[in-house]
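Colleague: pasting the sequence and the predicted model now:
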Amino acid sequence: MPSASPSTSSGRPADLVSRLASPDRGARLRALRELKNQIIGNRTKKLAYLKLGAVPAVAAVLADASDDGGGDGDGSCCCRRHDLLVQSAAALGSFACGVDAGVRAVVDAGALPWLRRLLVSPDEKVVDSGARSLKMIYQSKLAPKYDFLDHQNLEFLLSLLNSKNDNVTGLGASIITHSCQTSAEQWALYEAGVFQKLVDLIGGSVSQRDASLESLTAIIRNNHEVTPKILEFENGRALNLIIKFTIDKSPRTRLLACACLIAVSKTSSRYVEGIELESKLIYRLLELLEDPGQVGDEASFALSSLIEEKEDLQKLAFEANAINKLCFHLQNGLSCPKRLQGILLALANICSKLEICRSKLLDLQAFDLVSDALRHDCTDIRVAACICLRSLSRSVKNLSAGYFMNETVIIPLLQLLHDPSISVQLAALGAISNIVIDFTRRKSNFIHCGGVKLLAELSMAMDPVVRSHSLRALKNLTFLADRKCKEVVLSEITASSLASLIRDPESAVQEQALALVRNLVDGCVQSVDYAFTENGIILDAIGRQLQYASKAEIGIQGMYALSNIASGSKVQKDAVMDQLFQHGGMNTQPFIMRFLHSNDNQLRTASIWVLINLTTSYCPGAAGRVLKLRNAGIILQLKSMTNDPCLDVKVVQKIYHLNVH
């Protein structure tokens, strides 16, 4: 009776994994082949076998075959050893391909050193298998970083790039793309002559060309010293090749060439400046959006990077009909998370500065799609949707039209404040900060949806960035707000909590807390009373923090808050005067004197405004306050600022002298 095949006799995954440890080489080889065939392109099976511990078992086969020089008398021993090396390397690469958990398992199993040993094998198939597997691993962010500052590592990298095997040279380029992040690493690669080899490889096979373009981008990115040297190498050979490949027949090559030129433009713009080339890059990337695969998914990210913070390029993109094309793909790209994320980011950047772009997007009725993306399952898409809303809400026109202060936008944004991802929370807070400014006086909608309560809670979060962003949103909410809105804010955050935030260890939190107080006490005389709740705990916190302010921004916000408080009654003005002089002890200079000597124009201006509001001549007690300021030398300091280089300081100082005299 014929024996059963492995797939029928031992078909269970657990049995297959156990056969990887068989003392019989033939059984191990058959198990490896069966395992590899099952997991190739099948994410579900990869995850299932990962749970069963298949990766350490495969890594053990690789290690055993690598150490085994043969010699058990079997004529087929050498052949089987060769096959075990090839099949185990291929299986490990397959586990790592597109599955982060697989990469982590391969690294944790200690397989990388054994895979690297395959690269020096005299057998080309073994070398090729090891290189393919390592390339898949180094395409993941979870792969270990390669230390380019180590001389031996650089020598090994150059040996990879000098190989005649496409997969080996591709591996070398992949290692650079994955690991090169600092200027020191970029400089080390340049000095070692790595970039020269990459330029040579651009003219090689398609895979070598693409891998080399990615690596050159990594070496060029944000390095103002290395980039000119590479681009001027051999009379601009590298730059000419990169430009040439923007019209290559391969969409992938065109995209990588465009990405490399974008990195050049952000680092040394003189090499690509000129409306013709920049316009061509925009059109090339818009054409690549049509690609149905990975290239189309990534093209919008490249476009977003190109036009980021560049108003002239955003205008060019608008003229190239980019918004129409992006919105078309937005409507048809909902099934692909990465494509949707890239499109939202591209729309965010193109609308970040120009009103005409924002109006165009809203005219195309894409706003609902952006709002819907706030509820998407993918974290990155929720972040991108918030960023897009933030760009759209930079418009006074759109805020006045009431596009944002409605429940279809507010409720999903507020729900994101509970998101487990801090990046989502911060992105939502960024959008909320713009939306709550709302020039149409619809702030009550935000309050009724529980927005103030949530922001107040987040202002006490563990993460300091979340605290500062929450306070910024509350600050914007109280900008030119009515008394009812301010009372709701103060009742939710409480005076004692606000005083605590003014004294927060993080300077960014201090600044935003002081800015919130500045807005709370701005306006009518009743608003000034907020600084005196709970026995003046807020005012006292301001004075104490200003005495030890470490940054000009803290001083600016604090002095404007005091300026607003000093616009109140005689009692309130006297309380501000007390704050100017009571902190720090008898021998310590009043902080206002220090601020008047500051190099920061805004801080000097804010300080003079405090003095103006304290010494308004028609207010009771003004003469006494002027005398106290004169005795402290502050009046003399003001007179010495007549020729201050800052125009704002000069103007404000003249107003002060009109008050005093």
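Modeller: Thanks, I have it. Residues are numbered from 1 along each chain as shown.
Colleague: what strand or helix carries residue 84?
Modeller: helix 77-96 (DSSP states H and E).
Colleague: which strands and helices sit next to the helix or strand following that helix?
Modeller: With elements assigned by DSSP H and E, the helix or strand that comes after helix 77-96 is helix 100-108. Counting contacts by 3 or more Cβ pairs under 8 Å, 6 or more residues apart in numbering; DSSP states H and E, helix 100-108 is packed against helix 43-51, helix 54-67, helix 77-96, helix 124-138. Bear in mind the C-beta positions are built from the backbone N, C-alpha and C, glycine included.
Colleague: list the buried residues of the shortest one.
Modeller: I take that to be helix 43-51. 46, 49-50 (16 or more other Cβ atoms under 10 Å).
Colleague: give me the secondary structure label for the residue nearest the centre of the chain.
Modeller: The residue lying closest to the centre of the chain (Cα atoms, centre = their mean) is residue 423, at 8.7 Å. What DSSP: H, G, I helix; E, B strand; the rest coil gives for residue 423 is helix.
Colleague: worst-scoring helix or strand of the protein, pLDDT-wise?
Modeller: Every helix and strand in the chain was compared by mean pLDDT, DSSP states H and E; the lowest is helix 6-9, with a mean of 38.
Colleague: and the buried residues of helix 43-51, which is closest to residue 65?
Modeller: Nearest to residue 65, judged by Cβ to Cβ, of the buried residues of helix 43-51 is residue 49 at 19.6 Å.
Colleague: hmm, that closest one is touching residue 20, no?
Modeller: No - look at residue 49 against residue 20 with Cβ atoms under 8 Å: they stay out of range, at 10.4 Å.
Colleague: which residues do the two both contact?
Modeller: residue 35 (Cβ atoms under 8 Å, 6 or more residues apart in numbering).
Colleague: do a quick rundown of the strands in this structure.
Modeller: Counting by DSSP state E, the chain forms no strands at all.
Colleague: domain map for it?
Modeller: 1-143, 145-268, 273-392 (automatic domain parsing).
Colleague: now those as JSON lines including distance to residue 458?
Modeller: Formatted as JSON lines, those follow (distance: least, Cβ to Cβ, whole Å):
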{"stretch": "domain 1-143", "distance to residue 458": "29"}
{"stretch": "domain 145-268", "distance to residue 458": "32"}
{"stretch": "domain 273-392", "distance to residue 458": "15"}
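Colleague: what's the least confident stretch among the ones you listed?
Modeller: In terms of average pLDDT, domain 1-143 trails the rest of the domains of the chain, at a mean of 85.
Colleague: before we move on, back to that, which one of the buried residues of helix 43-51 is nearest residue 201?
Modeller: The closest of the buried residues of helix 43-51, once distances to residue 201 are taken by Cβ to Cβ, is residue 46, at 31.4 Å.
Colleague: without its sequence neighbours, what residue ends up closest to that closest one?
Modeller: residue 39 (4.8 Å; Cβ to Cβ, 6 or more residues apart in numbering).
Colleague: that neighbour contacts residue 49, correct?
Modeller: Yes - assessed by Cβ under 8 Å, residue 39 is found in contact with residue 49 at 6.1 Å.
Colleague: now do the shared contacts for the two.
Modeller: residue 95.
Colleague: residue 492: how many residues sit nearby?
Modeller: Residue 492 has 19 neighbours, counted by other Cβ atoms under 10 Å.
Colleague: distance of it relative to residue 92?
Modeller: Using Cβ to Cβ, to the nearest Å, residue 492 is found at 55 Å from residue 92.
Colleague: please apply the same query to residue 407.
Modeller: Distance from residue 407 to residue 92, by Cβ to Cβ: 52 Å.
Colleague: looking at those two, which has the bigger crowd around it?
Modeller: Between residue 407 and residue 92, residue 92 has the larger neighbour count (other Cβ under 10 Å), namely 32 against 11.
Colleague: show me what contacts that one?
Modeller: Residues near residue 92 by Cβ under 8 Å, 6+ apart: 55, 58-59, 62, 106, 111, 115, 133.
Colleague: got the contact list for residue 484?
Modeller: The contact partners of residue 484, taken as Cβ under 8 Å, 6+ apart, are residue 444.
Colleague: mind doing that once more with 10 Å?
Modeller: Residues in contact with residue 484 (Cβ atoms under 10 Å, 6 or more residues apart in numbering) are 443-444, 447.
Colleague: ok, now residue 187?
Modeller: Contacts of residue 187 (Cβ under 10 Å, 6+ apart): 148-149, 219, 223, 225-226, 229.
Colleague: using a markdown table, please lay out those together with distance to residue 473.
Modeller: What follows is the contacts of residue 187, written out as a markdown table (distance: Cβ to Cβ, whole Å):
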| residue | distance to residue 473 |
| --- | --- |
| 148 | 42 |
| 149 | 43 |
| 219 | 40 |
| 223 | 36 |
| 225 | 40 |
| 226 | 41 |
| 229 | 46 |
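Colleague: show me which of these are buried.
Modeller: 148, 219, 223, 226.
Colleague: between the residues you listed, which is nearest residue 416?
Modeller: residue 223 (36.1 Å).
Colleague: which residue sits closest to that closest one, ignoring its sequence neighbours?
Modeller: Counting by Cβ to Cβ, 6+ apart, the residue nearest residue 223 is residue 186, at 4.7 Å.
Colleague: same check, this time on residue 88
Modeller: With Cβ to Cβ, 6+ apart, the residue lying closest to residue 88 is residue 62, at 4.0 Å.
Colleague: with residue 460 instead?
Modeller: Per Cβ to Cβ, 6+ apart, closest to residue 460 is residue 497, 6.6 Å.
Colleague: measure the one you found to residue 285 for me?
Modeller: 48 Å.
Colleague: closest to residue 171 out of the helices and strands packed on helix 100-108?
Modeller: Of the helices and strands packed on helix 100-108, the one closest to residue 171 (Cβ to Cβ) turns out to be helix 124-138, at 4.7 Å.
Colleague: buried residues in that closest one?
Modeller: 126-138.
Colleague: for it, packing partners?
Modeller: Counting contacts by 3 or more Cβ pairs under 10 Å, 6 or more residues apart in numbering; DSSP states H and E, helix 124-138 packs against helix 54-67, helix 77-96, helix 100-108, helix 112-118, helix 166-179.
Colleague: helices of the stretch 401-550 of the chain, start to end?
Modeller: Taking DSSP state H, counting those that start in this stretch to define them, one finds helices in the stretch 401-550 of the chain at 407-416, 422-435, 443-448, 451-458, 464-477, 483-493, 495-502, 507-520, 525-528, 533-547.
Colleague: how near is residue 489 to residue 122?
Modeller: Taking Cβ to Cβ as the measure, residue 489 falls 74 Å from residue 122.
Colleague: if you could redo that for residue 263, that was the one I meant.
Modeller: Taking Cβ to Cβ, one finds residue 263 at 39 Å from residue 122.
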